[in-house]
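Novice: structure for this input, please:
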Amino acid sequence: MAQLYFYYSAMNAGKSTALLQSDYNYLERGMTTRLLTAQLDNRFGEATISSRIGLSKPADTFNESTDLVTWYLDGPKVNCIFIDEAQFLTKEQVNQLAVIVDKYNTPVLCYGIRTDFQGELFTGSARLLAIADKLTELKTVCHCGRKAIMVVRMDEQGKALAHGAQVQIGGNEKYVSMCRRHYHEALAIA
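Specialist: This is a model prediction of the structure:
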């Protein structure tokens, strides 16, 4: 029976690397897959899933108006679907992924960030945490060596930002993963 999986973490935990490795495992066994990533994150090129260690692969893209059941039905039959940047999915899109799993018996593996720089759940992540069959935390570390669970957005001078739009695309130049203690210290939260 197919299941809906959510692999989540703070930034820089290797989510895209894990996704590409899992995709490779399916392909190595002669199975077919489809990859999907957020259209708004094109830092590494349009329609590309890319990891910090240099792995990359072309993918289809989604935006907030993409109907994922239609995308699935209009494409080739596959053994598994992989979704990067799953935090950017809408609640309805996550529900559509559940339909793909339950009605069409196709496993869907989603990879994404759990919370934004203000410690709030992303919409896609919140829905996946609520309805996914399997939840797996991928771990990364704070500069102190403790598990990093928070993401801090930094300005050009390296100062932590407490306010702003939830979505601002960036990588290591803009975001730092930290443990909760250092997140609070960076934002001067008592």
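
Novice: please give the element, helix or strand, for the residue nearest to the spatial centre of the chain.
Specialist: Residue closest to the average C-alpha location in the chain (CA atoms, centre = their mean): residue 112, at 1.8 Å. For residue 112, the element it lies in under DSSP states H and E is strand 108-113.

Novice: and the next helix or strand after that strand, what's buried?
Specialist: Going down the chain from strand 108-113, the next helix or strand is helix 123-131, by DSSP H and E. Residues 123-128 are the ones in helix 123-131 that count as buried (16 or more other CB atoms under 10 Å). (Glycine included, C-beta is placed from N, CA and C.)

Novice: just the helices from this structure, written as ranges.
Specialist: 15-28, 68-74, 91-104, 123-131, 180-186 (DSSP state H).

Novice: ok, which of those comes nearest residue 51?
Specialist: Closest approach to residue 51 among the helices of the chain is made by helix 15-28 (4.1 Å; CB to CB).

Novice: buried stuff in stretch 137-145?
Specialist: Those buried within stretch 137-145 under the rule 16+ other CB under 10 Å are 140, 142.

Novice: just the CA trace of that stretch, in PDB.
Specialist: Output in PDB follows, covering the C-alpha atoms of stretch 137-145 (Å, rounded to 0.1, in the frame of the first residue of the first chain):
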ATOM      1  CA  GLU A 137      13.100  14.400  10.800                       C
ATOM      2  CA  LEU A 138      16.400  14.900   9.000                       C
ATOM      3  CA  LYS A 139      18.900  16.400  11.400                       C
ATOM      4  CA  THR A 140      21.400  19.200  11.100                       C
ATOM      5  CA  VAL A 141      23.500  21.000  13.700                       C
ATOM      6  CA  CYS A 142      23.800  24.400  15.200                       C
ATOM      7  CA  HIS A 143      27.300  26.000  15.500                       C
ATOM      8  CA  CYS A 144      27.300  24.900  19.100                       C
ATOM      9  CA  GLY A 145      26.900  21.200  18.100                       C
END
